[in-house]
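Chemist: Here is the input, now give the coordinates:
(4 chains, ligands or ions: 6)
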Amino acid sequence: MTFTRPSFRHPSQPTNSLGYSRSDYEGTISTLCAGCGHDSISNAIIQACFEIPVEPHKVVKMSGIGCSSKTPAYYLGKSHGFNSVHGRMPSIATGANMANRDLIYLGVSGDGDTASIGMGQFIHVLRRDLNMTYVVMNNGCYGLTKGQDSATADKGSKSKKGAPNPFESIDLCELAIQLGAGFVGRGFSGDKQQLVPLLKAAMSHEGIAFLDVISPCVTFNNTSGSTKSYQYVRDHIEATGTFDFIPLQQEILTQYEEGTTQAVTMHDGSVIYLHKNANSPDVTNRRKSMDILEAEKEKGRLLTGILFLDPESSDTHEILATSLSPLNTLTETELCPGSAALQKINERLR
Amino acid sequence: MTFTRPSFRHPSQPTNSLGYSRSDYEGTISTLCAGCGHDSISNAIIQACFEIPVEPHKVVKMSGIGCSSKTPAYYLGKSHGFNSVHGRMPSIATGANMANRDLIYLGVSGDGDTASIGMGQFIHVLRRDLNMTYVVMNNGCYGLTKGQDSATADKGSKSKKGAPNPFESIDLCELAIQLGAGFVGRGFSGDKQQLVPLLKAAMSHEGIAFLDVISPCVTFNNTSGSTKSYQYVRDHIEATGTFDFIPLQQEILTQYEEGTTQAVTMHDGSVIYLHKNANSPDVTNRRKSMDILEAEKEKGRLLTGILFLDPESSDTHEILATSLSPLNTLTETELCPGSAALQKINERLR
Amino acid sequence: MNRIERTNDFVVRFANVNGTGSASANNLFAQAIFKMGVPVSPKNIFPSNIQGLPTWYEVRINEQGYLGRRGGVDLTVAVNGQTLIQDYNEVLPGGYFLYDSTKKLPEVCRRDDMTEIGIPLTELCNAAFSDPRLRQLLKNIIYIGALSFLLDIDFSILNDAIRNQFLKKPKLAEPNLQALEIGFTYARDNFPETCGLSVHKSNATGDAILMDGNSALGLGAVYAGATVVGWYPITPSTSVIEAFERYANLFRTELESGRKRFAIIQAEDELAAIGIAIGAAWNGARAFTATSGPGVSLMSEFLGLAYYAEIPVVLMDVQRTGPSTGMPTRTQQSDLLATAYASHGDTKNVLLFPCDPKECFDLAADAFDLAERLQAPVIIMSDLDLGMNDHISAPLVWDDTRRYDRGKVLDAAALESMPEKWGRYLDVDGDGICYRTYPGTHPNKGAYFTRGTSHNEYSAYTEDSGLYARGMQRLLRKWETAKTLMPAPHEKTCNPDAPFGALFFGTTSHAAYEAVDALAEEGFEINTLRLLAFPLRQEVIDFINRHGQVFVIEQNRDAQMRMLLINEGRFVPEKLHSVLHFDGMPITADTIRRQIKALLPQLSIPHGQKECLPGVTP
Amino acid sequence: MNRIERTNDFVVRFANVNGTGSASANNLFAQAIFKMGVPVSPKNIFPSNIQGLPTWYEVRINEQGYLGRRGGVDLTVAVNGQTLIQDYNEVLPGGYFLYDSTKKLPEVCRRDDMTEIGIPLTELCNAAFSDPRLRQLLKNIIYIGALSFLLDIDFSILNDAIRNQFLKKPKLAEPNLQALEIGFTYARDNFPETCGLSVHKSNATGDAILMDGNSALGLGAVYAGATVVGWYPITPSTSVIEAFERYANLFRTELESGRKRFAIIQAEDELAAIGIAIGAAWNGARAFTATSGPGVSLMSEFLGLAYYAEIPVVLMDVQRTGPSTGMPTRTQQSDLLATAYASHGDTKNVLLFPCDPKECFDLAADAFDLAERLQAPVIIMSDLDLGMNDHISAPLVWDDTRRYDRGKVLDAAALESMPEKWGRYLDVDGDGICYRTYPGTHPNKGAYFTRGTSHNEYSAYTEDSGLYARGMQRLLRKWETAKTLMPAPHEKTCNPDAPFGALFFGTTSHAAYEAVDALAEEGFEINTLRLLAFPLRQEVIDFINRHGQVFVIEQNRDAQMRMLLINEGRFVPEKLHSVLHFDGMPITADTIRRQIKALLPQLSIPHGQKECLPGVTP
Ligand SMILES: Cc1ncc(C[n+]2csc(CCOP(=O)(O)OP(=O)(O)O)c2C)c(N)n1
Ligand SMILES: Cc1ncc(C[n+]2csc(CCOP(=O)(O)OP(=O)(O)O)c2C)c(N)n1
Ligand code: SF4
Ligand code: SF4
Ligand SMILES: [Mg+2]
Ligand SMILES: [Mg+2]
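Modeler: Ligands and ions are numbered 1, 2, ... in the order given. Got it, this is the predicted structure:
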């Protein structure tokens, strides 16, 4: 059954190749604090989905619990969403994805939601290489419960609550690379220029694509002592290199010079052009990617951009060799063995 | 109050410097399968505790659920033990340790218990650097529930159940190093020569000491296709280098040649001598340790021995600056502010 | 000595060491009896370890078809040195004790009220076979051979069974057949006329099948069209998933591509397992998980989400002995409260109680229909006894005209043609059940944001007290609807005027029916109701109201079903009398009979009904 | 227009936007009333977000000391544009509506049955102050100043309170004082004789304190000697831990070293949080955790372990509105089943129900004694209303001669002198409570292996049915002992012959007492019992048995307490009548009164007691 494309209710608004305008990717009004980094990420998601472009209703939004996990209400109002329980988004995403491999899965979570209560599910959704984009809106604190340190808070960094955090911080990107995620990137809510293409590239990756997006909490963790504040991130940010993401449908207009640009073709045929300069690390080698992250950390720099990329990665459906038809479309005919088969089973049990 | 040392019920048995014989470190008879690697680890624990030596009743044994987690009943019968619930040993250990910093905490777990259901607790007990020795008896499968693949089963490896494991395996040692554990080692249940000193060194480390001990499950995962079988491990094992562990009380008898031996002094004053040969990697550098692990893996080798060692690490009590007196010894006098203080509080609330 | 002499009505117990291959030999024994047409009920009593500990296999043979545990042993086959003395002492007076006489019985074993049958199993075995691995296995086959003679079991059935078993490796069949023969011959030559127990061919089993409950649950889920499974290994539920996988591989592998029409995810823990099932169910696949005690506790938060966000997830709880890790390889019916009212806050879940493999199959299929119809979690309450033991059962039946009831789901066309704005939680029909949509259905209609937070009828977040309360009240309305959809209880009326009723469910039923029959023979008439579901259908309420006194028979310490009954049915507690058994072994008819008889004298019988009860002085 | 004219008995509601600093201004208001000796009961009604959404602060002022929510608003201070119209409409006829008249009221706001008091807050504020951050805060202070005039609140008290607040930064006090003045002056100049509500000095508060329940719980734990805390942030329980930390830092920092005599671990989740508490309690420290709804669900497996392995852990459950994530910033009493019977298998836990800060303090202290005496989890059931709002309460009292009851613990000397073999689970005293030891106590005595698996009296693993069952029965014996140790309920007898009783607990109590008083004035005499603990003491059973009909008043949908009562007390369900309220707002006296009155006509009064009930026709 086909349906009419959305009518152009805002004739002045530009539309993408699917005929949707940007507002078709918006959600309800945010109830987050004014200036919260999460809102910028929501905007980047809207922009990325508009630009790729995806059909809004083909996206499934999922989240856990937290300020960050509320955001799916603020983008993609035409998509189904699932705001689950704290730290358990990955399992919901796994089930949803198993039920219908044809939709696009976009999960968002917080650093508390992922690095503390959700650590087990996070690691295991990576391990099973679920075909989804997993975004952590990382503010180094528990926003919704009023600012406690999270496990990604840097050692010694100070939130509004005061005392410097005495515990080592967990680098989710490094963890993800080590555990074999095929696409790992880091962005900054304040850098839309980089974030939108990062999101687009992540969403085109088959298998798990993990994005750690530093997202300052203006209410509880934007102090001068915080390493997750706007100021700190702006002062310490460093990119692995710039890149262009060219979706499959799009014509490649620019010619890149050999040697300075590495083209990585994704499963779906889209291409990521990694532009290299003298210092650009190779982001398609796992061991190097991990080491570079560590090296930059030692220098006190926060590395962003695509941190690791393995276009060869698989996904859970391939690993399990499930049917190419979405499982939720199968009916009695395909699923039920019927009474004759049951008779035979009875026979064998007599 | 002092008590008499254990009487020499077995006059023929040699005793250690505390006057205990080896049998004082034994437990009840094992109910594991004959030949199970876990039993060898139990024996190594008995040997290590006898040799260090520790007072048996000063050790607290903890575990989760699984064949591996049953073992605390089979060693150190004079020690208190806590067989908790599946995957949650680290939290029990944390609480117990907080209550009494003066005892020695030895936790054992299985690869299912740690790398699946217990992943969150595992990572967070590392992060808080609890002063304990954490041993995973790693057989790549769920022994007690009859042989399902665990998350440490190598990709492609085959248990008795049949099909090759399609998922990436998790390397707990690499994870531990990345997350900042101060002592990380790997042993093999079949190599007591290496395992006993590893355990001794781990137990002398202040803060978390993690040991991944490959421990074949003879019943479900000792097949020719398994990378956790006796045969496979024997064929692929590689050590970072040999070392001697010299407890504080012990006189240093050997002289080591400069350059070939690196002496690492632990918090408690004991010393680990790392013997180097041409290929020995430096195990006191985190980045290198991680990279070497990856490199050996690429070569198809299983690296054992001390994989990483940071004698400078802290522990949870130091991080929290808790009293040097065990908290469980404090009484009303030290704990209860009394009625006068309460009067003042009342005043302030009027 | 009064030798027990019985045909088709006795209990044999095998005492083995686990991990020695005894299971398949003992299974062969039970199968053979079943194939002779005699009802048989084997119970595997195994330790929570893998190898080297005592394990028992208790087989009740009963032509009348009483399938509950009977209690007491008429013939023990003792091949475990660790428990030899205990096994020796537990044989009933007049019974038989078959042991490996390669080693002499210990001194303390000196009973003269039963018959010892010493067969030198090890000796015979070692003499005939040289491969040590084979020896261990074949020793078990030798005693089966001996039993064949002692109990008159049709030797050809055993022969055929072994041939069948090794159809693909006929070479391996040979030594097994030889071992059978050795046992048979030895017994014939040395113990003629020794054993008063015997099995005679019968057709009491009719067209019944012999199957374990977990296989039936797994198969039921295949027939029900379940496609997504999240699970985590735990005894005794693991084999539900194994069965699902086995049957799904068989029936759901695409011919050409070899691809699977199902996805089984071994999760990292139970929280993830049910999360996976919930995510899939939300996205329009039929999905389930299976677990046992500790897993139920861990799933409780997610069950609350599924209740409140109204997601049709199916959970199979194969109960074991609690609390905590408890006795993982023993049975109990003690997760009723933990499931019925799972999670914090006000929650209520549908429970289904199968009592045999056919019901496992049927209720598994029904569970998915009910869950989708009710948009709510549905929990099948099996237990270790039902799940992991073979049970005689009516054959499985599937009606090929049956269609899955996917409940109130709007497709694109329906959305397109809706005049009003659709609301996920709008109670359009007044039955408390609303219309849902699957993700991706329509480009601009029917999307909503599912949440465990308080929501209005359009699934938008609200903190409005009134809206919240209205939603909670609607869920109560749905609960009322659920009552009407539950499978009906099975009632047996012994005497319509009898003042006594007995209510039970699940695996307690077999022993309960037997006890009630026995009591009837003693003159105590009791009508019975076998409950199949919670919440309670009107028939259940009527049954209890109709009887002056009702025995509630269950396998837990705290009378959990009685609590559910009182709370949901608002009965006078005094009239509900608990018959409880909770030691981890399946309940026996005798336990029930004795407890009821002990209760009877204290019960005041409503006026005018006393005459039904000979010999009872109220 | 009938202007409401009242002294020391009215309700003021502030409508603000959260995150704008209104909380401290509104708090100043409540404090001032309290300092005038007039009982005050503020309720913060806040959204589950951080900034920018509507929040209300409702203050009931009542000289008689009725502290429950009353319902209805006499004076609204409306400074939130988003809810202005709603706020406008909700003022009671005859009431007052103070708003920021910088902007005109919308057209739809045209009531003539109440008094509008327009004060140009923004204008006044902007005129006086230039710092934009300060402006936002001081706008709130301006309306407090205005209220001071309108309600006759002692200006000096407000002045002093502000001075006190800024003791360390007197510079900051200045603009605040100025803002107060501005408001006061404006109201005086423009609205003389406008407001019929007023506060008069009183000494109705006596020596009472004003405190929130969570602070009292935290302080109680400090006094009780708790040293180890595992926790995970969750509203509304987080401030229990914050309070514990604040007080512990104050009282438990070693002078010289600066080291702490406590350890607080912010865990990775609730499973770890309670695991930490259990590990510490097992190792001889007093330990606890605090959580709310979802956390309770997640802790359920570990609670089962603590029940079965008998570990004295204290859990503080500050309940919020369920199910699932529900309404995290609303109150409810709906975790009773989830806690009382937490976890799979047969389990029962002790619950304590504080109703005010003093009881929070006392029961927190008692909880540790009880847990260690009973070697069992003890769960304190508070709720958001009690925990996060300030309440008037009797002052806190500590008896310096009180010694911690550490329960049955054997030290080295005791172990040394024991004649028999010690067994961890031997019921030496017959009360179901056994003797335990801490790790490291003695070189060769008293060690044991704690486990959640079935165990014998010596804590060795067993699968013996009899041993298992015996252990479970002993736990029931312990449960009987627990009943005798529970804090006694509070009974108020209105008329010893009255056929009606009311039973309630926790925060429901204030409204219940008020409702009962009101009903008494109408001639319906109801005796009351305020429950403090589960399991039920004999007094509770007697109370219910003594009354023909008992109203069970609770704040949940499913009548969870009623279920506990019936199950544990075995009462006739018909005599227990539920009065339920579950919309997330604290229950009001009026709700209770109306529900009881609606029930009364249907109740059959036991013969001979009818005369107590004027006007009721049964
Ligand atoms: C099981 C459970 N525990 C605790 C909470 C309370 N809680 C809500 S949000 C949150 C943390 C959020 O932190 P993060 O994930 O970093 O999100 P942020 O608000 O910082 O975006 C917590 C602990 C909960 N809702 N559920
Ligand atoms: C909550 C919970 N889930 C599942 C189980 C069942 N279970 C017992 S042991 C085990 C796995 C053990 O595997 P591992 O930790 O690797 O130990 P091994 O037996 O291999 O030594 C599982 C899943 C349980 N006891 N509790
Ligand atoms: S509290 Fe922090 S994370 Fe939450 S909405 Fe406000 S700024 Fe964002
Ligand atoms: S099953 Fe495997 S892990 Fe368990 S005891 Fe046997 S050999 Fe060891
Ligand atoms: Mg955060
Ligand atoms: Mg294992």
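
Chemist: Nearest to chain B: which residue in the stretch 451-600 of chain C?
Modeler: C:Gly584 (18.1 Å; Cβ to the nearest Cβ). (Glycine included, C-beta is placed from N, CA and C.)

Chemist: neighbours of that residue, just the number please.
Modeler: The tally of other residues near C:Gly584 (other Cβ atoms under 10 Å in any protein chain shown) stands at 26.

Chemist: quick one: contacts for the nearest residue to it once chain neighbours are set aside?
Modeler: Once flanking residues are discounted, C:Gly584 sits nearest to C:Arg330: 3.0 Å by Cβ to Cβ, 6 or more residues apart in numbering or on different chains. Applying Cβ atoms under 8 Å, 6 or more residues apart in numbering or on different chains, we find C:Arg330 in contact with C:Arg320, C:Thr321, C:Leu384, C:Gly584, C:Met585, D:Glu463, D:Ser465, D:Tyr468.

Chemist: check those against ligand 1, which are close?
Modeler: Contacts with ligand 1 are made by none of the contacts of C:Arg330, judged by Cβ under 6 Å from any ligand atom.

Chemist: In helices only, show me those residues.
Modeler: C:Leu384, D:Ser465, D:Tyr468 (DSSP state H).

Chemist: looking at it, the residue of the stretch 451-600 of chain C closest to chain B is touching D:Asp464, isn't it?
Modeler: No. With contact defined as Cβ atoms under 8 Å, C:Gly584 does not reach D:Asp464; the gap is 9.1 Å.

Chemist: roughly how far apart are the residue of the stretch 451-600 of chain C closest to chain B and C:Phe505?
Modeler: Using Cβ to Cβ, to the nearest Å, one obtains 18 Å as the distance from C:Gly584 to C:Phe505.

Chemist: same question, C:Met1
Modeler: From C:Met1 to C:Phe505 the distance is 42 Å (Cβ to Cβ).

Chemist: So between these two, which is more surrounded?
Modeler: More neighbours surround C:Phe505 than the other of C:Met1 and C:Phe505, with 28 against 10 (other Cβ under 10 Å).

Chemist: Could you pull out the strands in the stretch 1-150 of chain A for me?
Modeler: Remark: strands assigned in the stretch 1-150 of chain A by DSSP state E, counting those that start in this stretch are A:59-63, A:80-83, A:104-110, A:132-138, A:141-142, A:148-149.

Chemist: hang on, the earlier thing: quick one: which of the contacts of C:Arg330 is nearest ligand 4?
Modeler: D:Glu463 (16.5 Å; Cβ to the nearest ligand atom).

Chemist: for the stretch 201-350 of chain A, what are the low-confidence residue spans?
Modeler: A:249-259, A:278 (pLDDT under 70).

Chemist: which residues in it form strands?
Modeler: A:208-214, A:237-239, A:243-246, A:261-265, A:271-275, A:302-309.

Chemist: In the stretch 151-300 of chain A, what residue spans correspond to helices?
Modeler: A:172-178, A:192-204, A:230-236, A:286-298 (DSSP state H, counting those that start in this stretch).

Chemist: which residues of the stretch 501-618 of chain C fall in strands?
Modeler: C:526-531, C:533-534, C:549-554, C:576-580.

Chemist: could you dump those strands to a markdown table with mean pLDDT and mean neighbour count?
Modeler: Below are these laid out as a markdown table (pLDDT from 0 to 100; neighbours: other Cβ atoms under 10 Å in any protein chain shown):
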| stretch | mean pLDDT | mean neighbour count |
| --- | --- | --- |
| strand C:526-531 | 98 | 24 |
| strand C:533-534 | 98 | 25 |
| strand C:549-554 | 98 | 26 |
| strand C:576-580 | 97 | 21 |
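
Chemist: Which part of the stretch 501-618 of chain C gets nearest to ligand 1, residue-wise?
Modeler: Closest point on the stretch 501-618 of chain C to ligand 1, by Cβ to the nearest ligand atom, is C:Gln560, at 26.3 Å.

Chemist: doesn't C:Leu337 make contact with that residue?
Modeler: Yes. Using Cβ under 8 Å, C:Gln560 is in contact with C:Leu337, at 5.1 Å.

Chemist: nearest to A:Asp244, of the helices of the stretch 151-300 of chain A?
Modeler: Smallest distance to A:Asp244 across the helices of the stretch 151-300 of chain A (Cβ to Cβ): 7.0 Å, for helix A:192-204.

Chemist: Which one of the strands of the stretch 201-350 of chain A lies nearest to C:Gly118?
Modeler: strand A:208-214 (64.4 Å).

Chemist: mind listing what the closest residue to C:Leu150 other than its chain neighbours touches?
Modeler: Leaving aside its chain neighbours, C:Leu150 sits nearest to C:Cys195 (4.2 Å; criterion: Cβ to Cβ, 6+ apart). Listed by Cβ under 8 Å, 6+ apart, the contact partners of C:Cys195 are C:Leu75, C:Tyr96, C:Thr115, C:Ile117, C:Leu150, C:Leu151.

Chemist: wait, is the fourth one part of a strand?
Modeler: Yes. According to DSSP: H, G, I helix; E, B strand; the rest coil, the state of C:Ile117 is that of a strand.

Chemist: how far away is it from C:Asn2?
Modeler: C:Ile117 is 17 Å from C:Asn2, by Cβ to Cβ.

Chemist: And the second one, by the same measure?
Modeler: Shown here: C:Tyr96 relative to C:Asn2, a distance of 13 Å by Cβ to Cβ.

Chemist: Compare those two and say which is more crowded by neighbours.
Modeler: Per other Cβ under 10 Å, whichever of C:Tyr96 and C:Asn2 has more neighbours is C:Tyr96, with 26 against 9.

Chemist: Now do the phi/psi pair for the more buried one.
Modeler: phi -130, psi 150 (degrees, to the nearest 10).

Chemist: so A:Asp310 makes contact with A:Val283?
Modeler: No. In this structure, A:Asp310 is not within contact of A:Val283 by Cβ under 8 Å, at 9.6 Å.

Chemist: Tell me which of the two has more neighbours.
Modeler: Of the pair A:Asp310 and A:Val283, A:Val283 is the one with more neighbours under other Cβ under 10 Å, namely 27 against 20.

Chemist: now do the same end-to-end measure for stretch C:197-209.
Modeler: Stretch C:197-209 has an end-to-end distance of 24 Å (Cα to Cα, to the nearest Å).

Chemist: Buried residues of stretch A:123-141, list them for me.
Modeler: Of the residues in stretch A:123-141, A:123-141 count as buried by neighbour count, 16 or more other Cβ atoms under 10 Å in any protein chain shown.
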